[in-house]
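Asker: Next come a sequence and a model predicted from it.
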Amino acid sequence: MAEWAPMTQPFKTLKELVKSVETDLLNGKRVLSVFDLDSTLFDVSPRIQKILDELKDHPEVVTKFPQHAPMLELVKMQKSDWGIKDALSRVFHAEPPPMDFHRIARDFWAQHFFSDDYLHFDHLVEGSQAFVDRLHKKGSDIAYLTGRDWQRMGKGTVEVLSKWNFPIPNDKNVRLAMKPIKGSDDAEFKSQWFESLKPHEFERILFFENEPVILNKVMHTHPEVEIIFLDTTHSKQADPQTHWITIQNFNEN
């Protein structure tokens, strides 16, 4: 892929992009549409809400922080929250709990967020399933490229894709790429995955992702990839580029 020229035909809207992709597919060109999962195809805030709802009954929280545990009833996730910090801060800003509370909360969140069982609490980002299914039926290859790892989340990921009627990974035109081990850097993993594609196997590659850190990395290492930024939530460790197509969901209007 390194031999390719940078993408030189940017589109301003998702509708314009899709129209051009469908035209290319009708003309027999091979297109690969790559989708992140968390906060791109799936809204993870219900998953985190479920975890926080259970945190109030965590024995260590109840025992060590009896004055703070009941306040967890008031914690409500918003779709724009990244992780648990903002949701907790809205409740505890006037009476901050000790740092040990936050350590326990983060460990509890991580244990459950990165697990098969809790993936079933996710909801869809608006229009995501219909959009992926439409591209697939029009002839685009599909790849799910996620920072989830196989060991903890592989089984659950396949289950929820099936549950929500997404194209299911196969050995042909639908791929699922997950980290082989937990803890490796997401941006590095995803950038290297693009490197694994056969040169010129596809005439167009689209990448839908919510994290600017990852998109910036891919943009610089694989300038041929067309970037679509999901403005849902992100780490705020990098800013999105103004020339990217930016969408809040997969509705084209």
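Answerer: Cool, got the structure. What you are looking at is a predicted structure, and each value in this text was computed from that prediction instead of being measured.

Asker: Run through the residues that contact residue 90.
Answerer: 75-76 (Cβ atoms under 8 Å, 6 or more residues apart in numbering). C-beta: built from backbone N, CA, C; applies to glycine.

Asker: how far away is it from residue 123?
Answerer: Look at residue 90 and residue 123: by Cβ to Cβ, to the nearest Å, they are 21 Å apart.

Asker: Then residue 130?
Answerer: Distance, residue 130 to residue 123, by Cβ to Cβ: 14 Å.

Asker: And residue 57, by the same measure?
Answerer: 23 Å.

Asker: Can you tell me the centre-most residue of this protein?
Answerer: Geometric centre of the chain, nearest residue: residue 38, 2.8 Å, by Cα atoms, centre = their mean.

Asker: For it, which non-adjacent residue is closest in space?
Answerer: Counting by Cβ to Cβ, 6 or more residues apart in numbering, the nearest residue to residue 38 once its immediate chain neighbours are dropped is residue 44, at 5.1 Å.

Asker: My read is that that neighbour contacts residue 124, right?
Answerer: No. Applying Cβ atoms under 8 Å as the test, residue 44 and residue 124 come out as separate, 11.1 Å apart.

Asker: which of these two has more neighbours?
Answerer: residue 44 (25 against 16; other Cβ atoms under 10 Å).

Asker: mind listing what the more buried one touches?
Answerer: Taking Cβ under 8 Å, 6+ apart, we find residue 44 in contact with 38, 113, 122.

Asker: Among those, which ones are in helices?
Answerer: Those of the contacts of residue 44 mapping onto helices are residue 113, per DSSP state H.

Asker: In CSV: the contacts of residue 44, plus pLDDT and distance to residue 208.
Answerer: As requested, the contacts of residue 44 are exported to CSV (pLDDT from 0 to 100; distance: Cβ to Cβ, whole Å):
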residue, pLDDT, distance to residue 208
38, 98, 12
113, 97, 21
122, 98, 16
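
Asker: Which of the contacts of residue 44 sits closest to residue 244?
Answerer: Closest to residue 244 out of the contacts of residue 44 is residue 38 (18.9 Å), distances taken as Cβ to Cβ.

Asker: Show the residue spans covered by the helices in the stretch 1-150 of the chain.
Answerer: Counting by DSSP state H, counting those that start in this stretch, the stretch 1-150 of the chain has these helices, from start to end: 14-26, 45-55, 59-64, 85-92, 99-113, 128-138, 150-163.

Asker: Which strands or helices does the third one pack on?
Answerer: Secondary structure elements in contact with helix 59-64, counted by 3 or more Cβ pairs under 8 Å, 6 or more residues apart in numbering; DSSP states H and E, are helix 99-113.

Asker: cool, and the second one?
Answerer: When contacts are defined as 3+ Cβ pairs under 8 Å, 6+ apart, helix 45-55 packs onto helix 85-92, helix 99-113.
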